[in-house]
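A.B. asks: this one's structure only:
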């Protein structure tokens, strides 16, 4: 199910979004923001993975024998 979220943007940002849609880079304003959110999610995941690697390399991480050990 989709939900509607309304946002307020400064005029220069709104023009940037409209220009991207008008030029065909995105099919709609919604698609622009969905793509932006997907990129943010990927970046967050990468950041979390890198943080975990640093913990493991510094000896602070722990090896799990089972997913049950995540608790």
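C.D. replies: Structure received. Bear in mind the structure is a predicted one, so any value in this text is a computation, not a measurement.

A.B. asks: what stretches of the protein score poorly on pLDDT?
C.D. replies: In the predicted model, the chain carries pLDDT under 70 at residues 69-71.

A.B. asks: helices along that one, start to end?
C.D. replies: With DSSP state H as the definition, the chain shows helices at residue ranges 11-22, 29-57.

A.B. asks: now the longest one: buried residues?
C.D. replies: Of the residues in helix 29-57, those with enough neighbours to count as buried (16 or more other Cβ atoms under 10 Å) are residue 32. Bear in mind the C-beta positions are built from the backbone N, C-alpha and C, glycine included.

A.B. asks: now the angle from it to helix 11-22?
C.D. replies: With axes from the mean of the first three to the mean of the last three Cα atoms, to 10 degrees as the basis, helix 29-57 and helix 11-22 are set at 100 degrees to each other.

A.B. asks: which strands and helices sit next to helix 29-57?
C.D. replies: Helix 29-57 is packed against helix 11-22, with contacts defined by 3 or more Cβ pairs under 8 Å, 6 or more residues apart in numbering; DSSP states H and E.

A.B. asks: got the contact list for the helix it packs on?
C.D. replies: Residues external to helix 11-22 that are found in contact with it (Cβ atoms under 8 Å, 6 or more residues apart in numbering): 9, 26-29, 31-33.

A.B. asks: what does stretch 29-43 give?
C.D. replies: Around stretch 29-43, the neighbours that count as contacts under Cβ under 8 Å, 6+ apart are 7, 17-18, 20-21, 25-26.

A.B. asks: taking the residues you listed together, which two end up most distant?
C.D. replies: Between all members of the contacts of stretch 29-43, the longest pairwise span (Cβ to Cβ) is found for 7 and 25 and amounts to 18.9 Å.

A.B. asks: tell me which of the two has more neighbours.
C.D. replies: A direct count of neighbours by other Cβ atoms under 10 Å for residue 7 and residue 25 places residue 25 higher, at 11 against 8.

A.B. asks: ok, now which ones touch the more buried one?
C.D. replies: Residue 25 is in contact with residue 32, counting by Cβ under 8 Å, 6+ apart.

A.B. asks: how much space between it and residue 41?
C.D. replies: To residue 41, residue 25 is 20 Å away according to Cβ to Cβ, to the nearest Å.
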